[in-house]
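Trainee: pasted the sequence and its predicted model underneath.
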Amino acid sequence: MIPLADALLPWHRDHGRHDLPWQRDRSPYRVWISEIMLQQTQVATVIPYFERFVQRFPDVVTLADAPLDEVLHLWSGLGYYARARNLHRAAQRVRDEFAGRFPATFAQIEGLPGIGRSTAGAILALARGERFPILDGNARRVLARAFGITGAPGERAFEQRLWVLAEENTPRAQVEAYTQAIMDLGATVCVRRRPLCPLCPLRDCCIAHRTHREHLIPAPRARARGVRRVREVVMLVAQREDGAVLLERRAPAGIWGGLWCLPEFTSESAARSYAASQLEGVALAAQTLTPVPHAFTHFDLVITPLLAHCRDGGSIAEEGRALWYDIRSPARVGLPAPVQLILASLT
Ligand code: SF4
(Lines give C-alpha, C1' and ligand atoms only; values in the text may rest on other atoms or scores of the structure.)
Protein backbone atom coordinates (compact mmCIF):
# COMPACT_ATOMS: atom_id res chain seq x y z
CA MET A 1 0.00 0.00 0.00
CA ILE A 2 1.32 3.45 -0.93
CA PRO A 3 1.42 5.72 2.16
CA LEU A 4 -0.53 8.44 0.41
CA ALA A 5 -1.26 10.68 3.41
CA ASP A 6 2.38 10.45 4.62
CA ALA A 7 3.55 11.84 1.28
CA LEU A 8 0.75 14.31 0.63
CA LEU A 9 0.55 16.09 4.00
CA PRO A 10 4.16 17.44 4.06
CA TRP A 11 3.88 18.34 0.38
CA HIS A 12 0.69 20.25 1.05
CA ARG A 13 2.23 22.18 3.93
CA ASP A 14 4.88 23.57 1.57
CA HIS A 15 3.20 23.61 -1.83
CA GLY A 16 -0.56 23.41 -1.31
CA ARG A 17 -3.07 26.25 -1.66
CA HIS A 18 -3.85 27.85 1.68
CA ASP A 19 -5.45 31.17 0.85
CA LEU A 20 -8.43 30.44 -1.35
CA PRO A 21 -11.51 32.53 -0.47
CA TRP A 22 -13.51 29.50 0.74
CA GLN A 23 -10.64 28.46 3.03
CA ARG A 24 -11.32 31.54 5.13
CA ASP A 25 -14.24 31.04 7.48
CA ARG A 26 -14.75 27.42 6.46
CA SER A 27 -18.43 26.98 7.16
CA PRO A 28 -20.32 24.08 5.55
CA TYR A 29 -22.30 26.69 3.57
CA ARG A 30 -19.19 28.30 2.04
CA VAL A 31 -17.53 24.93 1.36
CA TRP A 32 -20.74 23.71 -0.28
CA ILE A 33 -20.95 26.74 -2.60
CA SER A 34 -17.27 26.41 -3.55
CA GLU A 35 -17.50 22.65 -4.17
CA ILE A 36 -20.48 23.08 -6.49
CA MET A 37 -18.81 25.94 -8.37
CA LEU A 38 -15.58 23.96 -8.70
CA GLN A 39 -17.29 21.05 -10.45
CA GLN A 40 -15.93 21.10 -14.03
CA THR A 41 -14.54 24.60 -13.45
CA GLN A 42 -11.03 25.85 -12.67
CA VAL A 43 -10.18 27.59 -9.39
CA ALA A 44 -9.09 30.84 -11.09
CA THR A 45 -12.46 31.09 -12.87
CA VAL A 46 -14.43 30.30 -9.72
CA ILE A 47 -12.81 32.83 -7.33
CA PRO A 48 -14.58 36.02 -8.54
CA TYR A 49 -17.89 34.18 -8.91
CA PHE A 50 -17.58 32.79 -5.39
CA GLU A 51 -16.78 36.17 -3.89
CA ARG A 52 -19.71 37.90 -5.59
CA PHE A 53 -22.05 35.05 -4.69
CA VAL A 54 -21.29 34.91 -0.96
CA GLN A 55 -21.30 38.67 -0.72
CA ARG A 56 -24.86 38.75 -2.09
CA PHE A 57 -25.93 35.50 -0.34
CA PRO A 58 -23.89 35.32 2.88
CA ASP A 59 -25.93 32.45 4.32
CA VAL A 60 -28.22 29.67 3.25
CA VAL A 61 -31.48 31.44 4.17
CA THR A 62 -30.58 34.55 2.15
CA LEU A 63 -29.92 32.26 -0.80
CA ALA A 64 -33.19 30.38 -0.27
CA ASP A 65 -35.21 33.62 -0.11
CA ALA A 66 -33.66 35.13 -3.25
CA PRO A 67 -35.42 34.94 -6.64
CA LEU A 68 -33.99 32.25 -8.93
CA ASP A 69 -33.34 34.96 -11.56
CA GLU A 70 -30.91 36.66 -9.21
CA VAL A 71 -29.08 33.37 -8.45
CA LEU A 72 -28.78 32.67 -12.17
CA HIS A 73 -27.64 36.25 -12.76
CA LEU A 74 -24.67 35.72 -10.42
CA TRP A 75 -23.99 32.36 -12.09
CA SER A 76 -24.07 33.77 -15.63
CA GLY A 77 -20.95 32.71 -17.53
CA LEU A 78 -20.03 29.90 -15.12
CA GLY A 79 -21.95 27.30 -17.14
CA TYR A 80 -23.70 24.06 -16.09
CA TYR A 81 -26.69 26.03 -14.82
CA ALA A 82 -28.39 22.98 -13.31
CA ARG A 83 -25.83 23.47 -10.52
CA ALA A 84 -27.28 26.90 -9.69
CA ARG A 85 -30.87 25.70 -9.87
CA ASN A 86 -30.06 22.77 -7.56
CA LEU A 87 -28.19 25.06 -5.18
CA HIS A 88 -31.26 27.26 -4.90
CA ARG A 89 -33.61 24.29 -4.38
CA ALA A 90 -31.26 22.77 -1.78
CA ALA A 91 -31.08 26.09 0.10
CA GLN A 92 -34.88 26.17 0.24
CA ARG A 93 -34.91 22.60 1.63
CA VAL A 94 -32.37 23.60 4.30
CA ARG A 95 -34.50 26.63 5.20
CA ASP A 96 -37.75 24.66 5.33
CA GLU A 97 -36.66 21.25 6.67
CA PHE A 98 -33.63 22.08 8.83
CA ALA A 99 -34.70 25.46 10.23
CA GLY A 100 -32.08 27.21 8.12
CA ARG A 101 -29.15 25.34 9.66
CA PHE A 102 -26.93 23.33 7.32
CA PRO A 103 -27.64 19.63 8.05
CA ALA A 104 -25.16 17.69 10.17
CA THR A 105 -25.15 14.12 8.89
CA PHE A 106 -23.77 12.65 5.71
CA ALA A 107 -27.16 11.17 4.72
CA GLN A 108 -28.96 14.47 5.21
CA ILE A 109 -26.37 16.38 3.18
CA GLU A 110 -26.24 13.78 0.40
CA GLY A 111 -30.05 13.92 0.20
CA LEU A 112 -30.02 17.57 -0.91
CA PRO A 113 -30.45 18.39 -4.62
CA GLY A 114 -27.19 18.47 -6.56
CA ILE A 115 -25.04 16.93 -3.81
CA GLY A 116 -23.48 13.55 -4.52
CA ARG A 117 -21.30 11.30 -2.39
CA SER A 118 -18.05 13.14 -3.12
CA THR A 119 -19.46 16.63 -2.49
CA ALA A 120 -21.12 15.53 0.77
CA GLY A 121 -17.80 13.98 1.86
CA ALA A 122 -15.87 17.13 0.92
CA ILE A 123 -18.24 19.37 2.91
CA LEU A 124 -17.90 17.25 6.05
CA ALA A 125 -14.14 16.72 5.65
CA LEU A 126 -13.23 20.32 4.83
CA ALA A 127 -15.68 22.18 7.08
CA ARG A 128 -15.88 19.81 10.03
CA GLY A 129 -12.78 17.61 9.79
CA GLU A 130 -14.91 14.46 9.69
CA ARG A 131 -13.42 11.38 8.08
CA PHE A 132 -15.22 10.98 4.74
CA PRO A 133 -13.49 10.19 1.43
CA ILE A 134 -13.89 12.29 -1.70
CA LEU A 135 -13.64 11.30 -5.34
CA ASP A 136 -13.84 14.44 -7.43
CA GLY A 137 -12.06 14.67 -10.79
CA ASN A 138 -8.71 15.57 -9.22
CA ALA A 139 -8.75 12.89 -6.52
CA ARG A 140 -9.90 10.32 -9.08
CA ARG A 141 -6.97 11.09 -11.37
CA VAL A 142 -4.37 10.98 -8.57
CA LEU A 143 -5.67 7.69 -7.14
CA ALA A 144 -6.02 6.03 -10.55
CA ARG A 145 -2.47 6.93 -11.54
CA ALA A 146 -0.83 6.31 -8.18
CA PHE A 147 -2.35 2.83 -7.93
CA GLY A 148 -2.29 2.08 -11.67
CA ILE A 149 -6.06 1.55 -11.94
CA THR A 150 -7.13 1.34 -15.57
CA GLY A 151 -10.56 2.30 -16.83
CA ALA A 152 -12.52 5.44 -17.61
CA PRO A 153 -14.48 7.78 -15.33
CA GLY A 154 -18.10 6.68 -15.23
CA GLU A 155 -17.29 2.97 -15.65
CA ARG A 156 -18.77 1.09 -12.72
CA ALA A 157 -15.82 -1.19 -11.85
CA PHE A 158 -13.35 1.70 -12.14
CA GLU A 159 -15.41 3.95 -9.88
CA GLN A 160 -15.97 1.20 -7.31
CA ARG A 161 -12.25 0.37 -7.11
CA LEU A 162 -11.39 4.05 -6.69
CA TRP A 163 -13.97 4.56 -3.94
CA VAL A 164 -12.37 1.68 -2.02
CA LEU A 165 -8.94 3.29 -2.42
CA ALA A 166 -10.31 6.71 -1.47
CA GLU A 167 -11.77 5.22 1.70
CA GLU A 168 -8.62 3.26 2.61
CA ASN A 169 -6.31 6.21 2.08
CA THR A 170 -8.25 8.88 3.94
CA PRO A 171 -6.34 9.26 7.23
CA ARG A 172 -7.96 9.29 10.67
CA ALA A 173 -6.28 12.59 11.59
CA GLN A 174 -5.77 15.75 9.53
CA VAL A 175 -8.62 14.81 7.20
CA GLU A 176 -9.16 18.42 6.19
CA ALA A 177 -5.51 18.89 5.15
CA TYR A 178 -5.41 15.52 3.36
CA THR A 179 -8.61 16.28 1.43
CA GLN A 180 -7.31 19.67 0.35
CA ALA A 181 -3.92 18.07 -0.49
CA ILE A 182 -5.24 15.43 -2.88
CA MET A 183 -7.43 18.02 -4.62
CA ASP A 184 -4.50 20.44 -4.91
CA LEU A 185 -2.12 17.76 -6.22
CA GLY A 186 -4.61 16.83 -8.93
CA ALA A 187 -5.23 20.47 -9.84
CA THR A 188 -1.62 21.67 -9.92
CA VAL A 189 0.78 18.70 -10.42
CA CYS A 190 -1.08 15.55 -11.48
CA VAL A 191 -2.92 17.46 -14.19
CA ARG A 192 -4.79 15.71 -17.00
CA ARG A 193 -2.34 16.45 -19.80
CA ARG A 194 1.40 16.36 -19.09
CA PRO A 195 1.50 15.79 -15.31
CA LEU A 196 4.52 17.31 -13.58
CA CYS A 197 5.83 14.01 -12.18
CA PRO A 198 9.34 15.24 -11.23
CA LEU A 199 7.64 17.68 -8.78
CA CYS A 200 5.26 15.09 -7.34
CA PRO A 201 5.63 13.68 -3.81
CA LEU A 202 4.32 10.32 -5.13
CA ARG A 203 6.81 9.99 -7.99
CA ASP A 204 8.81 7.12 -6.43
CA CYS A 205 5.82 4.91 -5.77
CA CYS A 206 3.30 5.98 -8.42
CA ILE A 207 2.52 2.99 -10.62
CA ALA A 208 1.50 5.02 -13.68
CA HIS A 209 4.74 6.99 -13.50
CA ARG A 210 6.96 3.97 -12.93
CA THR A 211 5.39 2.18 -15.90
CA HIS A 212 5.30 5.31 -18.10
CA ARG A 213 1.51 5.22 -18.43
CA GLU A 214 0.61 8.62 -16.96
CA HIS A 215 -0.96 9.68 -20.27
CA LEU A 216 -3.07 6.50 -20.49
CA ILE A 217 -4.61 6.67 -17.01
CA PRO A 218 -7.42 7.41 -16.59
CA ALA A 219 -8.79 6.67 -20.06
CA PRO A 220 -11.01 9.39 -21.55
CA ARG A 221 -14.73 9.09 -20.92
CA ALA A 222 -16.45 6.98 -23.57
CA ARG A 223 -18.37 9.93 -25.03
CA ALA A 224 -15.18 12.01 -25.29
CA ARG A 225 -13.67 9.51 -27.72
CA GLY A 226 -16.26 10.06 -30.47
CA VAL A 227 -16.54 12.87 -33.01
CA ARG A 228 -18.17 16.00 -31.56
CA ARG A 229 -21.54 17.02 -32.92
CA VAL A 230 -22.04 20.54 -34.21
CA ARG A 231 -25.46 22.18 -33.84
CA GLU A 232 -26.29 25.36 -35.71
CA VAL A 233 -29.04 27.74 -34.62
CA VAL A 234 -30.22 31.23 -35.49
CA MET A 235 -30.93 33.70 -32.68
CA LEU A 236 -33.12 36.70 -33.33
CA VAL A 237 -31.68 39.97 -32.00
CA ALA A 238 -34.84 42.08 -31.98
CA GLN A 239 -33.93 45.61 -30.92
CA ARG A 240 -36.43 48.39 -30.23
CA GLU A 241 -35.79 52.05 -31.04
CA ASP A 242 -34.91 52.68 -27.36
CA GLY A 243 -32.16 50.01 -27.62
CA ALA A 244 -33.91 47.28 -25.59
CA VAL A 245 -33.51 43.73 -26.89
CA LEU A 246 -36.10 40.96 -26.73
CA LEU A 247 -35.21 38.01 -24.48
CA GLU A 248 -37.20 34.87 -23.68
CA ARG A 249 -36.97 32.72 -20.57
CA ARG A 250 -35.94 29.17 -21.39
CA ALA A 251 -37.75 26.15 -19.99
CA PRO A 252 -36.66 25.26 -16.41
CA ALA A 253 -34.83 22.04 -17.38
CA GLY A 254 -32.33 21.38 -20.14
CA ILE A 255 -29.58 23.54 -21.60
CA TRP A 256 -29.52 27.02 -20.06
CA GLY A 257 -32.69 26.09 -18.14
CA GLY A 258 -34.30 29.13 -16.49
CA LEU A 259 -31.92 31.59 -18.15
CA TRP A 260 -32.98 34.46 -20.41
CA CYS A 261 -31.97 33.99 -24.02
CA LEU A 262 -32.43 35.50 -27.48
CA PRO A 263 -35.31 33.74 -29.30
CA GLU A 264 -33.78 30.64 -30.93
CA PHE A 265 -34.70 29.06 -34.26
CA THR A 266 -33.45 26.19 -36.36
CA SER A 267 -33.28 28.32 -39.52
CA GLU A 268 -33.05 31.92 -40.66
CA SER A 269 -36.42 31.68 -42.44
CA ALA A 270 -38.12 30.56 -39.20
CA ALA A 271 -36.57 33.54 -37.36
CA ARG A 272 -37.67 35.93 -40.12
CA SER A 273 -41.26 34.73 -40.18
CA TYR A 274 -41.45 34.92 -36.34
CA ALA A 275 -40.18 38.51 -36.43
CA ALA A 276 -42.56 39.50 -39.23
CA SER A 277 -45.58 38.06 -37.45
CA GLN A 278 -44.80 38.97 -33.81
CA LEU A 279 -43.00 42.32 -33.82
CA GLU A 280 -44.41 45.68 -34.82
CA GLY A 281 -42.78 47.75 -37.57
CA VAL A 282 -39.99 45.23 -37.92
CA ALA A 283 -37.16 45.75 -40.39
CA LEU A 284 -34.68 42.92 -40.61
CA ALA A 285 -31.06 43.79 -41.26
CA ALA A 286 -29.89 42.75 -44.68
CA GLN A 287 -27.11 40.65 -43.14
CA THR A 288 -26.71 38.37 -40.20
CA LEU A 289 -24.04 39.17 -37.57
CA THR A 290 -20.80 37.22 -37.11
CA PRO A 291 -21.55 33.66 -35.92
CA VAL A 292 -20.71 32.96 -32.27
CA PRO A 293 -19.35 29.49 -31.40
CA HIS A 294 -19.94 27.96 -27.97
CA ALA A 295 -18.63 24.60 -26.70
CA PHE A 296 -20.79 22.36 -24.52
CA THR A 297 -19.50 19.13 -23.01
CA HIS A 298 -21.17 16.96 -25.63
CA PHE A 299 -21.38 19.19 -28.68
CA ASP A 300 -20.47 22.51 -30.26
CA LEU A 301 -23.10 25.16 -30.84
CA VAL A 302 -22.77 27.77 -33.58
CA ILE A 303 -25.12 30.72 -33.17
CA THR A 304 -25.90 33.01 -36.10
CA PRO A 305 -27.46 36.25 -34.78
CA LEU A 306 -30.08 37.84 -37.02
CA LEU A 307 -30.60 41.54 -36.32
CA ALA A 308 -34.11 43.01 -36.48
CA HIS A 309 -34.98 46.62 -35.72
CA CYS A 310 -38.53 47.24 -34.63
CA ARG A 311 -40.53 50.32 -33.70
CA ASP A 312 -42.37 48.71 -30.84
CA GLY A 313 -42.45 45.34 -29.14
CA GLY A 314 -46.23 45.23 -29.09
CA SER A 315 -47.64 42.92 -26.45
CA ILE A 316 -44.93 40.31 -26.74
CA ALA A 317 -43.32 40.97 -23.35
CA GLU A 318 -46.54 40.82 -21.41
CA GLU A 319 -46.64 37.07 -21.00
CA GLY A 320 -43.96 36.86 -18.29
CA ARG A 321 -41.80 34.60 -20.42
CA ALA A 322 -40.31 37.47 -22.40
CA LEU A 323 -38.72 40.79 -21.49
CA TRP A 324 -37.23 43.79 -23.23
CA TYR A 325 -33.71 43.87 -21.87
CA ASP A 326 -32.21 47.32 -21.47
CA ILE A 327 -28.52 46.91 -22.33
CA ARG A 328 -27.56 50.16 -20.57
CA SER A 329 -29.39 49.33 -17.36
CA PRO A 330 -29.66 45.54 -17.41
CA ALA A 331 -32.09 43.55 -15.27
CA ARG A 332 -30.49 41.13 -12.75
CA VAL A 333 -31.32 37.94 -14.62
CA GLY A 334 -29.22 34.99 -15.79
CA LEU A 335 -27.84 35.15 -19.33
CA PRO A 336 -25.86 32.43 -21.16
CA ALA A 337 -22.28 33.51 -21.96
CA PRO A 338 -22.73 33.67 -25.78
CA VAL A 339 -25.87 35.80 -25.36
CA GLN A 340 -23.86 38.17 -23.16
CA LEU A 341 -21.29 38.34 -25.97
CA ILE A 342 -23.89 39.12 -28.63
CA LEU A 343 -25.51 41.81 -26.47
CA ALA A 344 -22.10 43.34 -25.72
CA SER A 345 -21.40 43.55 -29.46
CA LEU A 346 -24.46 45.80 -29.87
CA THR A 347 -23.18 48.55 -27.60
S1 SF4 B 1 3.94 10.77 -10.24
FE2 SF4 B 1 2.96 11.81 -11.94
S3 SF4 B 1 1.26 10.52 -12.54
FE4 SF4 B 1 1.92 9.83 -10.53
S5 SF4 B 1 0.61 10.91 -9.10
FE6 SF4 B 1 2.45 12.14 -9.36
S7 SF4 B 1 2.01 13.60 -11.02
FE8 SF4 B 1 0.46 11.97 -11.06
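Mentor: Thanks, I have the structure now.
Trainee: can we go C-alpha only for contacts and neighbour counts from here?
Mentor: Fine.
Trainee: interface residues of the stretch 201-347 of the chain facing the ligand?
Mentor: L202, R203, C206, A208, H209, E214 (C-alpha under 6 Å from any ligand atom).
Trainee: which stretch of helix or strand covers P305?
Mentor: strand 299-310 (DSSP states H and E).
Trainee: look up phi and psi at L247.
Mentor: When read as degrees, to the nearest 10, the backbone of L247 gives phi -120, psi 150.
Trainee: pLDDT averaged over stretch 40-50 - what is it?
Mentor: Averaging pLDDT along stretch 40-50 gives 94.
Trainee: actually stretch 199-210, not the one I typed
Mentor: Rounded mean pLDDT across stretch 199-210 is 96.
Trainee: so where do the strands sit in the stretch 1-150 of the chain?
Mentor: With DSSP state E, counting those that start in this stretch, there are no strands along the stretch 1-150 of the chain.
Trainee: next, count neighbours for E159.
Mentor: Using other C-alpha atoms under 10 Å, E159 is surrounded by 18 other residues.
Trainee: no no, S118
Mentor: 18.
Trainee: tell me how far it lies from R231.
Mentor: Separation of S118 from R231 (C-alpha to C-alpha, to the nearest Å): 33 Å.
Trainee: mind putting the residues of the stretch 201-347 of the chain next to the ligand in JSON lines, distance to E51, secondary structure and neighbour count included?
Mentor: Below are these laid out as JSON lines (distance: C-alpha to C-alpha, whole Å; DSSP: H, G, I helix; E, B strand; the rest coil; neighbours: other C-alpha atoms under 10 Å):
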{"residue": "L202", "distance to E51": "33", "secondary structure": "coil", "neighbour count": "23"}
{"residue": "R203", "distance to E51": "35", "secondary structure": "coil", "neighbour count": "16"}
{"residue": "C206", "distance to E51": "37", "secondary structure": "coil", "neighbour count": "23"}
{"residue": "A208", "distance to E51": "37", "secondary structure": "helix", "neighbour count": "22"}
{"residue": "H209", "distance to E51": "38", "secondary structure": "helix", "neighbour count": "21"}
{"residue": "E214", "distance to E51": "35", "secondary structure": "helix", "neighbour count": "24"}
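Trainee: which of these lies closest to the ligand?
Mentor: Set against the ligand, the nearest of those by C-alpha to the nearest ligand atom is R203 (3.7 Å).
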